[in-house]
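A.B. asks: here's my sequence, what's the structure:
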Amino acid sequence: MTDRDKPQRHTLAEKLEYLFHTIREPGRREHSNEEVAAAITRDQGVTISASYIWYLRTGQRDNPTLKHLTALATFFGVPAAYFLDDQVREEVEAEIALVTALKDTGVRDVAMRASGLSGKSLDTIAEVINRVRELEGLPPQEDS
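C.D. replies: Next comes the predicted model:
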């Protein structure tokens, strides 16, 4: 396995920041530390303070208990292994990116129109999309 094939390592703070920035209700701002702490305490019976979440998000604390990691994971709807296993983190973030993209009406419309096409036709469509991305100054998307 080359360095390029290895999952990129991220700190706990970076993983938490990613979840705070991406997991939210449509049209809502990102969750505050206070909201997350209150919801975890209320819904899961796990006591965690907003200031402790802030310490985790800023990297000032990086060794939470499994109970706290599990509670945070449950709140954001990801497996607890997201925080512990970089391969799981990559898979979860890819799923989140897909769900986020499918919320975009234009992306969803293209996906629905492509449903049922042959592999060869899908490859052609992917080539066209990558060419358009190039024309718009965006990097091509790698095949998954």
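A.B. asks: just want the most central residue of the protein.
C.D. replies: E93 (3.4 Å; Cα atoms, centre = their mean).
A.B. asks: neighbours around the nearest residue to that residue once chain neighbours are set aside, how many?
C.D. replies: Nearest non-adjacent residue to E93, counting by Cβ to Cβ, 6 or more residues apart in numbering: Y18, 6.8 Å away. All C-beta atoms are positioned from the backbone trio N, CA, C, and that covers glycine. Applying other Cβ atoms under 10 Å, we find 18 residues neighbouring Y18.
A.B. asks: secondary structure class for Y18?
C.D. replies: Following DSSP: H, G, I helix; E, B strand; the rest coil, the label given to Y18 is helix.
A.B. asks: ok, H31 touching F20?
C.D. replies: Yes: judged on Cβ atoms under 8 Å, H31 makes contact with F20 at a distance of 6.2 Å.
A.B. asks: low-confidence bits of this protein, can you list those?
C.D. replies: For the chain, the stretches with pLDDT under 70 are 1-8, 142-144.
A.B. asks: rerun at 90
C.D. replies: Within the chain, the ranges that satisfy pLDDT under 90 run 1-9, 24-28, 96-117, 119, 121-144.
A.B. asks: quick one: the helices in it?
C.D. replies: 12-22, 33-44, 50-58, 66-76, 86-103, 105-114, 119-135 (DSSP state H).
A.B. asks: which helices and strands does the shortest one pack with?
C.D. replies: When contacts are defined as 3 or more Cβ pairs under 8 Å, 6 or more residues apart in numbering; DSSP states H and E, helix 50-58 packs onto helix 12-22, helix 33-44, helix 66-76.
A.B. asks: can you list the ones you listed in CSV and add distance to L84?
C.D. replies: Below are these laid out as CSV (distance: least, Cβ to Cβ, whole Å):
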stretch, distance to L84
helix 12-22, 9
helix 33-44, 18
helix 66-76, 8
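A.B. asks: distance of G116 from S51?
C.D. replies: To S51, G116 is 52 Å away according to Cβ to Cβ, to the nearest Å.
A.B. asks: great, nothing more from me.
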